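> turn this into a model:
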Amino acid sequence: MNSIISQYNKTGELFRIEGTCRSSCTELLAIKHVCIEPSATLQFHAALAQPDQPVSGARNRQMASYYNSKLRSFVLANHYMDSWEFHPISRQDMIQRFGYRACP
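Residues are numbered from 1 along each chain as shown. The predicted structure is shown next:
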């Protein structure tokens with residue numbers, strides 16, 4: 001995932017998030033020129049390699065570092081990263097509440 005983020009940040013090319021973006025896909029929010037398509041819903045959960053592993057605060061902080069400060073504060077404060085359960089956030093909220101860009 002880091003290679004994709006680096007590539008897009010290096011070229012400045014627009015990256016579109018569309019459809020259901022679950023788990024590590026949310027790391028793509030670290031791309032400087034990311035936008036969110038009308039069909040997108042992003043789903044957040046604890047940063048785990050496997051569902052049977054204990055939740056790691058360090059892993060959660062690493063994963064949350066890919067998000068802007070508003071989203072990072074929200075997912076951590078609302079315990080979205082405390083378990084393997086998925087917590088969806090709509091495109092509308094990603095744009096209006098957390099300041100991500102709508103795709104042109």
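
> the chain: helices as residue ranges?
Applying DSSP state H to the chain gives helices spanning 2-11, 57-64, 69-77, 91-96.

> so what's the gap between the shortest one and the chain middle?
Taking CA atoms, centre = their mean, to the nearest Å, the mean C-alpha location of helix 91-96 is offset from the chain mean by 12 Å.

> how about the helices of the chain, which one is nearest T41?
helix 91-96 (6.7 Å; CB to CB). Placement of C-beta: from N, CA and C, glycine included.

> convert that closest one to PDB, retaining C-alpha atoms only.
Output of helix 91-96 as PDB, limited to C-alpha atoms (Å, rounded to 0.1, in the frame of the first residue of the first chain):
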ATOM      1  CA  ARG A  91     -18.900   9.700   1.300                       C
ATOM      2  CA  GLN A  92     -21.000  12.600   2.400                       C
ATOM      3  CA  ASP A  93     -19.500  12.500   5.900                       C
ATOM      4  CA  MET A  94     -16.000  12.000   4.600                       C
ATOM      5  CA  ILE A  95     -16.400  15.200   2.600                       C
ATOM      6  CA  GLN A  96     -18.500  17.400   4.900                       C
END
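
> go ahead and flag the most central residue of this structure.
Centroid check for the chain by CA atoms, centre = their mean gives T26 as the closest residue, at 2.7 Å.

> how close does that one get to Q43?
8 Å (CB to CB, to the nearest Å).

> now S69
The gap separating S69 from Q43 is 20 Å, by CB to CB.

> between the two, which one's more packed in?
It is Q43, of S69 and Q43, that has more neighbours when counted by other CB atoms under 10 Å, with 16 against 10.

> bridged to that one, which residues?
R22, P88 (DSSP bridges).

> got a list of what it touches?
T20, C21, R22, S23, T26, F86, H87, P88, I89 (CB atoms under 8 Å, 6 or more residues apart in numbering).

> hmm, 6 Å instead?
Listed by CB atoms under 6 Å, 6 or more residues apart in numbering, the contact set of Q43 reads R22, F86, P88.
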